[in-house]
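Colleague: Quick one, what's the 3D model for this:
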Amino acid sequence: MWHQNIDTNIMGLGFIRRKAYHCSYFKLVGDRVIYLVLCVDDMLLIGNDKEIIQKMKTQLSSKFYMKDLSAANFILVMELKRYWENMKHWLSQRKYTKNIEEV
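Modeller: Now for the predicted structure:
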């Protein structure tokens, strides 16, 4: 029931649900794109424009209780790094693989 509520609200904001992964959505606004990924009670917003991400946070927080943890550095055992100047992102599971090696 919770997922149906959030799904309805997210789709109401113009997002399209991915067919392959039902907790992943995207929205195109001109040449800007924003992705929204849900994992249990966590949400990750990714996009190519900081302004559209901030607007989406405002819209979502008017519908749901949210705590903004600012830019994600780790999610689902992945390290994220952003290089805004050249619009590149870097993902790594180095810490996770190091922990596995130690076990």
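
Colleague: Please make it C-alpha for all contacts and neighbour counts, starting now.
Modeller: Noted.

Colleague: Residue 26 contacts residue 19, doesn't it?
Modeller: No: proximity of residue 26 to residue 19 does not meet the contact threshold set by CA atoms under 8 Å, at 11.2 Å.

Colleague: Look at the two and report which has more neighbours.
Modeller: Taking other CA atoms under 10 Å, residue 26 and residue 19 do not tie; residue 26 has more neighbours (19 against 9).

Colleague: so which helix or strand takes in the more buried one?
Modeller: Assigned by DSSP states H and E, residue 26 falls within strand 24-29.

Colleague: So what touches that strand?
Modeller: Strand 24-29 is touched from outside by 14-18, 33-38, with contacts defined as CA atoms under 8 Å, 6 or more residues apart in numbering.

Colleague: quick one: which of those sit in strands?
Modeller: Per DSSP state E, strands hold the following members of those: 16-17, 33-38.

Colleague: Let's have the contacts of strand 24-29 in TSV, adding distance to residue 101.
Modeller: Converted to TSV, those look like this (distance: CA to CA, whole Å):
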residue	distance to residue 101
14	43
15	40
16	39
17	36
18	34
33	37
34	35
35	33
36	32
37	29
38	29
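
Colleague: Quick one: buried ones out of these?
Modeller: Those of those that meet the buried threshold are 15-17, 34-38, by 16 or more other CA atoms under 10 Å.

Colleague: Name the nearest residue to the spatially most central residue of the chain, sequence neighbours excluded.
Modeller: The chain has residue 44 as the residue nearest its centroid, 2.3 Å off, counting by CA atoms, centre = their mean. Excluding its sequence neighbours, the residue lying closest to residue 44 (CA to CA, 6 or more residues apart in numbering) is residue 37, at 5.1 Å.

Colleague: Strands of the chain, start to end?
Modeller: Counting by DSSP E, the strands of the chain are 16-17, 24-29, 32-39, 42-47, 74-75, 78-83, 88-92.
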